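Peer 1: only geometry, no sequence info:
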C-alpha cells in the first residue's frame, strides 16, 4: 500500500512474470507496474482478457489505476505467459494455502505456458 493505494511490481522476461500471482484487496485502487528485463515481440504486450484491455510495455510500464472487484488474469500477446490476480476482501487476512490451491487448478485459456518466443 502506498498512500492508501495498492502498487505491485511484476518483472517481465522471456521466462514469464515474477511474481505470476498477485493478491489485491477488493475495492481499493491498484496499479500494476512492470519491470521489463527482457522484451520481445511476444511479451512486450500484456493482455488483460477479463478487463478487455492491454498495454504495450514498449511505451507504457504500468496499468492505469483500477479498482478490482473480481479475480482476473493477464498474459503475453501470444498467450504463452500467464499471470493471475486474486482479489480478496481483506489483504490482512489472506489465506495463502487457499490461493495456492486455486492457482494450481487454474487452466489458461490459450497457449501452453513455458518460455516465450524461444525463451
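Peer 2: Great, that's in hand. Values in this document were obtained by computation on a predicted structure and should not be read as measured data.
Peer 1: what stretches of the chain score poorly on pLDDT?
Peer 2: 106-119 (pLDDT under 70).
Peer 1: ok, 90 please
Peer 2: 1-4, 14-15, 38, 41-42, 62, 64-65, 78-80, 91-119 (pLDDT under 90).
Peer 1: Can you show me the helices along it?
Peer 2: Taking DSSP state H as the criterion, the chain carries its helices at 96-105.
Peer 1: what about the strands in it?
Peer 2: 6-13, 16-18, 21-25, 30-36, 45-48, 53-56, 72-76, 82-88 (DSSP state E).
Peer 1: Could you list every helix and strand in contact with the fourth one?
Peer 2: Taking 3 or more CB pairs under 8 Å, 6 or more residues apart in numbering; DSSP states H and E as contact, the helices and strands that strand 30-36 lies on are strand 6-13. C-beta coordinates here come from the backbone N, C-alpha and C atoms, glycine included.
Peer 1: try 10 Å this time
Peer 2: strand 6-13, strand 16-18, strand 21-25, strand 45-48, strand 82-88 (3 or more CB pairs under 10 Å, 6 or more residues apart in numbering; DSSP states H and E).
Peer 1: could you dump these to TSV with mean neighbour count?
Peer 2: Written out in TSV, the entries for those read as follows (neighbours: other CB atoms under 10 Å):
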stretch	mean neighbour count
strand 6-13	17
strand 16-18	19
strand 21-25	19
strand 45-48	18
strand 82-88	20
